[in-house]
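**Q** Sequence below, structure please.
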Amino acid sequence: MSVTPKIKGLRWYIAVLLMLVTTINYLDRTSLSVAASTLKEQLNINEQQYSYIIACFQMCYMIMQPLSGRVIDWLNTRRGLSLAVIWWSIANILHAFARTPLTFGLFRGLLGIGEAGNFPGIAKSVAEWFPPKERAMATGIANVGSGTGALIAMPLVALIILKFGWQQAFVFTGAVGFVWVVVWLLLYQPPEKNPFITTEELDYIHRGQKELDAEVLTQEKGVWKLVLRQANFWSFAIPRFLNEPAWTVVQYWIPLYLITQRGMDLKQIAMFAWLPFLAADAGCLAAGIFSMMYQKLGLSVLNARKATYTTAALIMPMSLFIAKAPSAGWAILWFCCTGFGHQCLSTTALTLPADLFPRRTVATASGLSGSAALLGGMLFNLIIGWLVTTVGYGPIFIVIAFLDIIGSVILWTLLRKPKAAS
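**A** From the prediction side, this is the model:
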């Protein structure tokens with residue numbers, strides 16, 4: 001009878017798997033922004049229509065985030081996240097058959113429905129596998145995928161478009177998700193059921209998870225009510241509403257800005273437009289590093305999260321320099337600073353549901369806060385579409401410079417340690 005081999009440090013392999021699925025998530029969603037200039041030329045889609053197509057994705061994503069979180073809490077992380085990836089992979093492939101803004105909006109909405117499950121699934125996985133002191137780093141590793149996916153998309157999608165056409169770009173990026181699902185189903189189970197985990201690591205996870213005792217009211221019915229009535233939920237939901245506009249600019253509008261305002265072409269986009277996403281990845285890891293550093297300086301887990309968020313928020317005013325940058329290279333540099341700051345504070349906010357809520361409600365809390373974020377991003381995206389065609393990009397960079405400082409004030413005002421189980 002064969003013995004199942006044990007994997008030391010299995011939780012970090014899980015974190016890498018979460019990073020890979022986030023990479024695929026952002027590879028798929030960023031493909032459209034890289035293809036935007038081609039679609040504008042070949043299908044006569046203008047900036048205002050482009051903003052509507054993005055809004056279709058954001059609207060469906062926003063509506064589905066709390067529902068996806070609830071489904072994942074109900075199905076379990078393994079099945080729920082697999083279902084989400086299969087859905088969004090098929091939706092991304094369907095983009096190859098779109099020919100009008102309406103059909104692009106339809107398929108973009110289907111993509112949003114599936115991709116909404118990604119971060120609730122990550123939050124629940126991190127809550128299951130990591131003690132509080134490691135959650136910021138684990139979430140940071142997972143969130144590296146957001147920058148990595150966009151980073152890969154810039155050169156990869158541009159090269160596929162140049163060689164094979166924009167339709168094949170959506171087919172190729174959509175197909176990658178099915179490979180990940182196979183690996184996920186083979187490796188993932190919660191710690192208590194996973195045959196690959198060592199006894200020492202299982203004990204370590206269980207001991208560490210007692211550091212922040214959020215397992216209160218776990219038998220109470222009405223999960224959404226349990227989440228929404230707590231000030232701690234709004235302490236990170238409102239900041240997420242305020243921080244998403246900056247990521248909307250970085251994620252969806254950098255290629256178009258660099259092409260229309262800075263004179264770059266698609267080959268130059270492939271060569272240089274990925275740099276802000278590399279900086280964003282560094283910001284994800286910095287969130288974990290800063291959080292651990294502040295804890296070593298004597299701050300509690302939650303105060304370390306607040307300090308990390310504030311540190312990152314103070315970087316965001318560098319976006320003020322983008323519009324007046326003397327060259328495309330300098331504009332990309334300031335975009336890099338914006339990406340770094342945003343992903344550092346975003347990773348910190350993504351960690352908080354696992355810190356503050358019982359495990360059975362973590363994905364739901366993450367999903368609801370994700371809806372708040374998407375609402376902020378969607379509204380700001382529509383404003384961008386109007387501003388770009390009437391005024392220009394300047395006011396956009398002014399607004400995103402200061403929203404996260406306001407969010408930091410709200411975080412410090414509302415966030416409190418959860419009550420321990422009585």
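
**Q** OK, contacts around N118?
**A** Contacts for N118 (Cβ atoms under 8 Å, 6 or more residues apart in numbering) come out as V21, T22, N25, L81, A84. Every residue, glycine included, has its C-beta placed from N, CA and C.

**Q** what about the residue minimising distance to the centre of the chain, helix or strand, and which?
**A** Residue closest to the average C-alpha location in the chain (Cα atoms, centre = their mean): S146, at 5.6 Å. Per DSSP states H and E: S146 is located in helix 132-164.

**Q** just I332 next, same as before
**A** Using DSSP H and E, I332 falls within helix 328-356.

**Q** From the contact counts, what lies against the lowest-mean-pLDDT helix or strand in the chain?
**A** Lowest by mean pLDDT, DSSP states H and E among the helices and strands of the chain is helix 223-228, with a mean of 78. Counting contacts by 3 or more Cβ pairs under 8 Å, 6 or more residues apart in numbering; DSSP states H and E, helix 223-228 packs against helix 47-75, helix 362-390.

**Q** distance of A372 from P101?
**A** From A372 over to P101 the distance is 27 Å, taken as Cβ to Cβ, to the nearest Å.

**Q** Report the spatially closest residue to G9, excluding sequence-adjacent ones.
**A** Leaving out its chain neighbours, the residue that sits closest to G9 by Cβ to Cβ, 6 or more residues apart in numbering is E201, at 7.0 Å.

**Q** if we can go back for a sec, just the buried positions in the helix holding I332, please.
**A** For helix 328-356, a neighbour-count test (16 or more other Cβ atoms under 10 Å) marks 328, 331-356 as buried.

**Q** Off-centre distance for that helix?
**A** With Cα atoms, centre = their mean, to the nearest Å as the basis, helix 328-356 stands 10 Å off its chain's centre.

**Q** Same question for stretch 232-239.
**A** With Cα atoms, centre = their mean, you get 16 Å for stretch 232-239.

**Q** quick one: contacts of it?
**A** 227, 309, 345, 349, 352-353, 356-357, 365, 368-369, 372, 404, 407-408, 410-411, 413-416, 418.

**Q** And the pLDDT for T348?
**A** Per-residue confidence (pLDDT) for T348: 92.

**Q** Confirm for me that it is in contact with S291.
**A** Yes. Look at T348 against S291 with Cβ atoms under 8 Å: they come within range, at 7.0 Å.

**Q** Skip the chain neighbours and tell me the closest residue to V21.
**A** Spatial nearest neighbour of V21, excluding adjacent residues (Cβ to Cβ, 6+ apart): W180 at 5.6 Å.

**Q** Tell me who's in contact with the one you found.
**A** By Cβ under 8 Å, 6+ apart, the neighbours of W180 are L17, L20, V21, I24, V85.

**Q** What distance do you get for it to R359?
**A** Applying Cβ to Cβ to W180 and R359 gives a distance of 24 Å.

**Q** before we move on, the earlier item: what is the most widely separated pair among the contacts of N118?
**A** Within those, T22 and A84 form the most distant pair, 11.7 Å apart (Cβ to Cβ).

**Q** quick one on the thing from earlier: columns distance to K124 on top of the helices and strands packed on helix 223-228, output as TSV?
**A** Putting the helices and strands packed on helix 223-228 into TSV (distance: least, Cβ to Cβ, whole Å) gives the following:
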stretch	distance to K124
helix 47-75	6
helix 362-390	4
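
**Q** Which of those helices sits closest to L256?
**A** helix 47-75 (7.1 Å).

**Q** Does the residue nearest to G9 touch R11 like I think?
**A** Yes. The pair E201 / R11 is scored as a contact, 6.7 Å apart, by Cβ under 8 Å.

**Q** thinking again about what came up before, what do T348 and S291 both touch?
**A** A136, R305, T308.

**Q** Most neighbours of all those residues, which one?
**A** Top of the shared contacts of T348 and S291 by neighbour number is A136, holding 31 neighbours under the definition other Cβ atoms under 10 Å.

**Q** quick one: it and V21, what's the gap?
**A** Applying Cβ to Cβ to A136 and V21 gives a distance of 19 Å.

**Q** count of neighbours near K296?
**A** Number of residues near K296 (other Cβ under 10 Å) recorded here: 9.

**Q** Please read the previous query as pertaining to F170.
**A** Counted with other Cβ under 10 Å, F170 comes out at 26.

**Q** pLDDT below threshold where in this structure?
**A** Low-confidence segments of the chain, defined by pLDDT under 70, are located at 1-3, 209-222, 419-422.

**Q** tell me which element the nearest residue to the residue nearest to the centre of the chain once chain neighbours are set aside falls in.
**A** Spatial nearest neighbour of S146, chain neighbours left out: Y26 (4.9 Å); criterion: Cβ to Cβ, 6+ apart. In this assignment (DSSP H and E), Y26 forms part of helix 10-42.

**Q** mind listing what's buried in that helix?
**A** So for helix 10-42, counting by 16+ other Cβ under 10 Å, buried means 10-12, 14-15, 17-40.

**Q** Tell me how many other residues surround the residue lying closest to G140 once chain neighbours are set aside.
**A** Nearest residue to G140, sequence neighbours excluded (Cβ to Cβ, 6+ apart): G288, at 3.8 Å. Counted by other Cβ under 10 Å, the residues lying close to G288 total 24.

**Q** what do you get for P418?
**A** 18.

**Q** tell me the contacts of L186?
**A** Contacts of L186 by Cβ under 8 Å, 6+ apart: none found.

**Q** Please report how far it lies from T100.
**A** For L186, the distance to T100 - Cβ to Cβ - is 40 Å.

**Q** hmm, back to that, in the helix or strand that the helix holding S146 is followed by, which residues are buried?
**A** Counting by DSSP H and E, the element after helix 132-164 in chain order, helix or strand, is helix 166-187. Going by neighbour count (16+ other Cβ under 10 Å), the buried part of helix 166-187 is 166-167, 169-174, 176-177, 180-181, 184.

**Q** Could you do stretch 73-89 as well?
**A** Quick answer for stretch 73-89 (16+ other Cβ under 10 Å): 73, 76-78, 80-85, 87-89.
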